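> Quick one, structure for this:
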Amino acid sequence: MTPAHFECDKLIRFHHCDPAGIVFYPQYFVLFNELVEDWFNQGLGIDFARFHVEKGLGVPMGSIECKFLSPSKVGETLRLSLSIKRIGKSSLELHVRGSSGGEARVEATLTVILASLKNWRSVPIAGELRDKLERYLEN
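Now for the predicted structure:
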């Protein structure tokens, strides 16, 4: 089975940019977090808000490795693509790519941890959640 890639378009807005009119690099991290939330809601079919509030689980970032390949400008649409490089016991290594007009703009590896919001400890990725995640696992 071919792994799925979750894709989401993000309009680059004025508030994402520095005075030169290009994305101020920390804003990419905000866009990555929005992408993960959109992926849960639309790609995995898991209501992100309920996941936090009712299940008491979160997916905080453990680390981010990022390459800024070309500037993104205000008014452009950035297509973000997400797939999974690795599923661990309680963490995921996500591969994110961003492009606009066919040009690569940003590439990142995000490590997110499945964590209990009650005690801030990692919890195992199991059952239905693991099954849903495996659909996005790269070979």
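> all contacts plus neighbour counts: C-alpha atoms, from now on.
Noted.
> Residue 46 versus the residue nearest to the spatial centre of the chain, what's the distance?
By Cα atoms, centre = their mean, the chain has its centre lying nearest to residue 36, at 3.4 Å. Noted for residue 36: a distance of 11 Å to residue 46, by Cα to Cα, to the nearest Å.
> How far away from the center of its chain is the helix or strand containing the residue nearest to the centre of the chain?
Assigned by DSSP states H and E, residue 36 belongs to helix 26-38. Here helix 26-38 is found 6 Å from its chain centre; the criterion is Cα atoms, centre = their mean, to the nearest Å.
> I'd like to know which elements it is packed against.
strand 6-11 (3 or more Cα pairs under 8 Å, 6 or more residues apart in numbering; DSSP states H and E).
> what do you get if the cut-off is 10 Å, keeping everything else the same?
strand 6-11, helix 48-53, strand 61-68, strand 77-87, strand 91-100, strand 103-113 (3 or more Cα pairs under 10 Å, 6 or more residues apart in numbering; DSSP states H and E).
> pLDDT weak spots in this protein?
Along the chain, segments meeting pLDDT under 70 span 1-3.
> buried ones in the helix holding residue 36?
Of the residues in helix 26-38, 28, 31-33, 35-38 count as buried by neighbour count, 16 or more other Cα atoms under 10 Å.
> quick one: that helix to strand 91-100, angle?
Interaxial angle of helix 26-38 relative to strand 91-100 (axes from the mean of the first three to the mean of the last three Cα atoms, to 10 degrees): 120 degrees.
> ok so, going back, I figured the residue nearest to the centre of the chain hits residue 94, correct?
Yes - between residue 36 and residue 94 there is a contact under Cα atoms under 10 Å: 9.4 Å.
> who touches both of those two?
With contacts taken as Cα atoms under 10 Å, 6 or more residues apart in numbering, residue 36 and residue 94 have 82, 110, 112 as neighbours in common.
> Spit out the contact partners of the residue nearest to the centre of the chain.
Taking Cα under 10 Å, 6+ apart as the criterion, residue 36 is in contact with 6, 8, 42-43, 48, 59, 82, 94, 96, 110, 112.
> Brilliant, that's me finished.
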